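Enquirer: Provide a 3D model corresponding to the input given below.
(one chain, ligands or ions: 3)
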Amino acid sequence: MDNIQKLIHQNQDRYINELIELLKIPSVSAEPKYKEDVLKAAEFVSEKLVAAGLDAVEICSTKGFPVVYAEKIIDSQLPTVLIYGHYDVQPADPIELWTSPPFEPVIKDGKIYARGSADDKGQFYMHVKAVELLLAENLLPCNVKFMIEGEEEVGSEHLGDFVRENKAKLSCDVILVSDTAIIANDIPSITVGLRGLSYMEVEVTGPNRDLHSGVYGGAVANPINTLCKMIAQLIDDNGHVTIDGFYDDVINLSEAERQAINSIPFSEEEYRKELNISTTQGEKGYTTIERTSTRPTLDVNGIWGGYIGEGAKTVLPSKAFAKISMRLVPNQQSEKISQLFEKHFRAIAPESVKVKVTYHHGGEPVVVPSDSKEYAAAERAMEKTFGKKPVPQRGGGSIPIVALFEEELGVKTVLMGFGLDTDDIHSPNEHYGIFNFLKGIETIPYFLKYYTEG
Ligand code: BES
Ligand code: MN
Ligand code: MN
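Expert: Numbering: from 1, shown residues only. Ligands and ions are numbered 1, 2, ... in the order given. A predicted model of the protein is given here:
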């Protein structure tokens, strides 16, 4: 294994160029106009898996976008590691805020700028290249399976069925995912928890049509005014979510656990500076780290209605809309929280409006143990390649498949990601460091080796 670094160095231009080709495909799963491109990305991934030397490569259709599957079984006595990732990406807009077009990757200051560079194309592609390298050198220490999906960014809606229908095919000892971040390039970390998600859309209707705001304004409920008032009530002055029962199932952490979580390297000042905000805010009694990892939250993701064109139009709109998400922590359940939200939202609506609530996707929160064989292997691998022992850290984002895998396959996941929180995933100018990409390719072989050695 010790000439891995040298081999990566020899091949790094090719690795980067291949990733750039993948990043040129606008595989935005949320927007129907990119449907062909999403399928093209699946095709690209399957071709690269074949080229890497994997067997049984297959583009498995689902009711949504396909799952790309591949495997290399070298010995049924050896452990099997299933590598999960996603080839779909978030929408690129607001497109005008990108300094270079989102699907025309450029390298600047050692980073590749493109939508999906860090989330998750650049990250899962490290696995394709790492396994390619191991196969070429006859060094693959265990069996591997790949499962790269195309609907993660829209809630992995059809993945549950796929997993249930393909239990034998997906059987494995552990799942390895690179779709999270490290604390800094010189502070490696392993993600030991993810938040769940409930995503809702609300529609508030006032009068049956748009009205002149002078003729009717003052007497007829304005749905935008009303929606804003309702949303404002969802969080109180202490930063608590006011939905009845919202915190009922939350597992409160012990003082020792809280202390451990708050002891990870973190500078509040740098955090504020990097975001250009003068202060952080949130649930009273909790730190920024806790607020973004171990505490549940509620955020408006989008709000619209009325006239938003140029200039001014005097109108009392008929409807107002908002997309609202809640991040969940163990033991909250997505479906239950969605129902509590709907009940509460209807209850606080004044009689002057009608309310419609739609459920979008959800996902369950997870905690990953740090005393397991797989955690130990990831820890050793990162220590080997970073020269520093990684820190366990809970992440604030969601990856719905992790809870699903555990429930359906009874298999645990290792979240060994190589991104940075400042990679601007889901934002304009998403980027992924070349250092991180290459470090991932270097670390993955050691994970496989140490995991196999047990
Ligand atoms: N890779 C992210 C999740 C993530 C990012 C976890 C950073 C930890 C740290 C993933 O692609 C993602 O964005 N998931 C969505 C959930 C999905 C249901 C839309 C999310 O968290 O919003
Ligand atoms: Mn992701
Ligand atoms: Mn994402």
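
Enquirer: give me the neighbour count for residue 414.
Expert: Residues near residue 414, counting by other Cβ atoms under 10 Å, number 26. The way it works is simple: take the backbone N, C-alpha and C, and place the C-beta from them, glycine included.

Enquirer: for it, what are its contacts?
Expert: By Cβ atoms under 8 Å, 6 or more residues apart in numbering, the residues touching residue 414 are 174, 175, 176, 177, 190, 368, 374, 375, 377, 378, 447.

Enquirer: go with 7 Å
Expert: Contact analysis of residue 414 by Cβ atoms under 7 Å, 6 or more residues apart in numbering lists 174, 176, 177, 374, 375, 378.

Enquirer: top of these by number of neighbours, please.
Expert: Within the contacts of residue 414, residue 378 tops the neighbour count with 28 neighbours, counted by other Cβ under 10 Å.

Enquirer: surely that one meets residue 417?
Expert: No. Residue 378 is beyond contact range of residue 417, at 10.4 Å (criterion: Cβ atoms under 7 Å).

Enquirer: those helices in the chain, which residues are they?
Expert: Assigned helices in the chain, in chain order: 4-23, 35-51, 122-136, 159-165, 223-232, 255-262, 268-275, 288-291, 334-347, 373-386, 401-409, 434-453 (criterion: DSSP state H).

Enquirer: still on that earlier bit, just the contacts of residue 414 now: which is nearest residue 77?
Expert: residue 174 (16.0 Å; Cβ to Cβ).

Enquirer: ok, which residues in this protein are in contact with ligand 1?
Expert: Within reach of ligand 1 by Cβ under 6 Å from any ligand atom, the chain has these residues: 119-120, 152-153, 155, 179-181, 194, 197, 361, 363, 395, 397-400.

Enquirer: mind running it again at 5 Å?
Expert: Neighbours of ligand 1 within the chain, by Cβ under 5 Å from any ligand atom: 119, 155, 179, 180, 363, 395, 397, 398.

Enquirer: could the contacts of residue 414 go into a markdown table alongside distance to residue 434 and pLDDT?
Expert: Formatted as a markdown table, those follow (distance: Cβ to Cβ, whole Å; pLDDT from 0 to 100):
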| residue | distance to residue 434 | pLDDT |
| --- | --- | --- |
| 174 | 28 | 98 |
| 176 | 22 | 98 |
| 177 | 21 | 98 |
| 374 | 27 | 97 |
| 375 | 27 | 98 |
| 378 | 22 | 98 |
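
Enquirer: once you drop chain neighbours, what's closest to the closest residue to ligand 1 within the stretch 351-454 of the chain?
Expert: Distance from ligand 1 to each residue of the stretch 351-454 of the chain (Cβ to the nearest ligand atom) is smallest for residue 397, at 2.7 Å. The spatially closest residue to residue 397, leaving aside those adjacent along the chain, is residue 194, at 6.4 Å (Cβ to Cβ, 6 or more residues apart in numbering).

Enquirer: residue contacts, the one you found?
Expert: By Cβ under 7 Å, 6+ apart, the residues touching residue 194 are 365, 366, 395, 397, 398, 399, 402.

Enquirer: go ahead and confirm residue 382 touches residue 188.
Expert: Yes. The pair residue 382 / residue 188 is scored as a contact, 4.5 Å apart, by Cβ under 7 Å.

Enquirer: quick check: neighbours shared by the two?
Expert: By Cβ under 7 Å, 6+ apart, the residues touching both residue 382 and residue 188 are residue 390.

Enquirer: dihedrals phi and psi, the residue of the stretch 351-454 of the chain closest to ligand 1?
Expert: For residue 397, the backbone dihedrals are phi -80, psi -170 (criterion: degrees, to the nearest 10).

Enquirer: up against ligand 2, what does the stretch 151-300 of the chain have?
Expert: Residues of the stretch 151-300 of the chain lying close to ligand 2 by Cβ under 5 Å from the ion are residue 179.
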